[in-house]
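Asker: Build me a model from this:
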Amino acid sequence: MFYLTLIMNLTPKSDINPLINVLNHFHPLSESIIDYLHKHVVPIKAQKGEILSEAGSICENVYFIVKGVIRGYIVDNSKDVTTWISSENELVTSIYSLDTEDPAPENIEALEDCQLLTMTTNALKDLYSVHKDFNINGRKLLQQYYRDAESRAFIIRVSRAEDKYERFLQLYSNLANRVLLKHIASFLGITLETLSRIRSRYAAKGRAIKV
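Answerer: I've put the predicted structure just below:
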């Protein structure tokens with residue numbers, strides 16, 4: 001059975017510095033916001049293969065990836081379809097569930113053993129309400145999320161499989177060796193066999209990317 005391992009000891013303030021650094025990049029955080037984050041952000045570990053949020057249930061947490069890789073996926077006619085892949089220094093959740101408070105349409109799965117920082121969606125909404133300045137961070141994070149979603153949409157709409165993979169390498173070169181080929185192929189909307197042939201051609205040209 002999948003489970004999340006909460007770190008129950010008192011959390012040193014430095015433990016959430018990676019999250020604070022990323023949020024400061026979007027807009028400087030006030031001391032009161034930083035104090036709020038220290039009180040409401042919890043470090044957890046997720047094992048490879050662990051389901052952080054299940055399709056059909058309301059996603060109640062936002063996750064910041066300190067270390068590891070996470071993907072979203074849906075099941076369509078018994079077929080596993082990867083919808084997004086994220087790694088270090090990214091925030092992930094079900095945006096649909098966060099916005100509507102309805103059950104999420106996709107699963108969220110750890111593809112590696114992960115170190116995460118998590119906050120409940122209720123705490124995040126309270127943060128927006130109590131600390132108005134944080135809405136600037138939220139707006140810029142949403143813009144980044146939309147840009148990423150737009151890039152994924154472009155990949156899917158490119159017709160040639162090799163061009164899809166070329167775009168993947170441009171955007172996600174750090175994931176090419178870390179994610180199973182079947183997940184990359186699903187993400188690109190091509191077959192595993194096609195992706196394997198493309199990578200073989202890359203290897204023959206001296207652009208080898210190990211599996």
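Asker: Report the residue ranges of every domain in this protein.
Answerer: 5-157, 159-211 (automatic domain parsing).
Asker: The ones you listed: lowest mean pLDDT?
Answerer: For those, mean pLDDT drops lowest on domain 159-211, to a mean of 88.
Asker: re the thing from before, export the domains of the chain to a markdown table and tack on mean neighbour count?
Answerer: Bear in mind the C-beta positions are built from the backbone N, C-alpha and C, glycine included. Shown next, in a markdown table, are the domains of the chain (neighbours: other Cβ atoms under 10 Å):
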| stretch | mean neighbour count |
| --- | --- |
| domain 5-157 | 16 |
| domain 159-211 | 15 |
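Asker: Span of stretch 37-53 from start to end?
Answerer: 22 Å (Cα to Cα, to the nearest Å).
Asker: if I read this right, residue 60 contacts residue 120, doesn't it?
Answerer: Yes - between residue 60 and residue 120 a contact is recorded at 5.8 Å, counting by Cβ atoms under 8 Å.
Asker: what sits against the residue nearest to the spatial centre of the chain?
Answerer: Nearest residue to the geometric centre of the chain (Cα atoms, centre = their mean): residue 86, 3.5 Å. By Cβ atoms under 8 Å, 6 or more residues apart in numbering, the residues touching residue 86 are 65, 69, 70, 71, 92.
Asker: do the same with residue 34
Answerer: Here residue 34 is in contact with residue 20 (Cβ under 8 Å, 6+ apart).
Asker: From residue 188, how far off is it?
Answerer: Going from residue 34 to residue 188 by Cβ to Cβ, to the nearest Å gives 39 Å.
Asker: all helices of the protein, in order?
Answerer: Along the chain, counting by DSSP state H, helices occupy 17-26, 31-40, 95-100, 121-130, 134-157, 161-172, 181-188, 192-204.
Asker: quick one: which of the ones you listed is nearest residue 81?
Answerer: Nearest to residue 81 among the helices of the chain is helix 181-188; the distance by Cβ to Cβ comes to 5.5 Å.
Asker: And that closest one, what does it pack against?
Answerer: strand 70-76, strand 79-86, helix 134-157, helix 161-172, helix 192-204 (3 or more Cβ pairs under 8 Å, 6 or more residues apart in numbering; DSSP states H and E).
Asker: tilt between that helix and strand 70-76?
Answerer: Using axes from the mean of the first three to the mean of the last three Cα atoms, to 10 degrees, the interaxial angle of helix 181-188 with respect to strand 70-76 works out to 70 degrees.
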